[in-house]
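S.K.: I'll drop the sequence and a predicted model, then ask my questions.
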Amino acid sequence: IGISLDVDLPEIPKLKQVLQQAKWLDNIRLSMKEPNAVTLDMMRKLIESGVSLAPHPAVEKAMAELQELLTVSERWEEKARICLQAKPRHLLTTLEAIIAEARNIPAYLPNIAALREAVKKAKEWIQKVESVQSVEQYAYLETLESLVAKGRPVPVRLDQLPQLESQVAAAKSWKERTARTFLKKNSSYTLLEVLSP
């Protein structure tokens, strides 16, 4: 008001300062309402914009809380990144525990989300393997190859994967030996046709 009236009031700079502090605090409050939308970059920008504000107990408290949240979030992100890239891969139960602990952090953590997706894929893969193995007949080679191909990129230790890989290798080896034994070179018949009565 003082600026538009061309009146110089000594309280205007102080009021501007308080207004900036209030806007910043309100911005933090609004940002934290939706924890899944709070990113690490957003926290960094809020901290950066808060550094230039005049000191005030409420601003300092909010800044400390925000800095602590950023530090904790970065630590969990790093932990999840290491788990996703680990060789040998971590057990499913270990990753589930990490995800459960990180669930309490009110921020969007992309590596934790990727870890959650990896755990979901691992559980789906294990379920498919168990359903294939529970059937009384042997699974087709193509089915096992498909399961192996889907299981390899999952960044979780899948205990059944080495067993399936060896079954696929053994089946391919048997198929090649049998083809060499029963099929003539440049034969127009398939191995199945030759072996069928």
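M.R.: Happy to help now that I have it.

S.K.: tell me the average confidence for the biggest helix by length in the chain?
M.R.: Among the elements of the chain assigned as helix by DSSP state H, the one spanning the most residues is helix 57-85. Taken as a whole, helix 57-85 carries a mean pLDDT of 95.

S.K.: so what does it touch, helix or strand wise?
M.R.: Using 3 or more C-beta pairs under 8 Å, 6 or more residues apart in numbering; DSSP states H and E, the elements in contact with helix 57-85 are helix 12-33, helix 40-51, helix 92-102, helix 110-134. Just so you know, the C-beta spots here come from the backbone N, C-alpha and C atoms, and that holds for glycine as well.

S.K.: Only the buried residues of that helix, if you could.
M.R.: Buried residues in helix 57-85, counting neighbours by 16 or more other C-beta atoms under 10 Å, are found at 59, 62-63, 66, 69-70, 73, 76-77, 79-80, 83-84.

S.K.: same check, this time on stretch 157-170
M.R.: Of the residues in stretch 157-170, those scored as buried under the neighbour-count criterion (16+ other C-beta under 10 Å) are 157-158, 160-161, 164-165, 167-168.

S.K.: what does stretch 11-30 give?
M.R.: When burial is assessed from 16+ other C-beta under 10 Å, stretch 11-30 yields the following buried residues: 20-21, 24-25, 28.

S.K.: Between the helices and strands packed on helix 57-85, pick out the one with the smallest average pLDDT, please.
M.R.: Mean pLDDT values for the helices and strands packed on helix 57-85 show the minimum at helix 12-33, a mean of 88.
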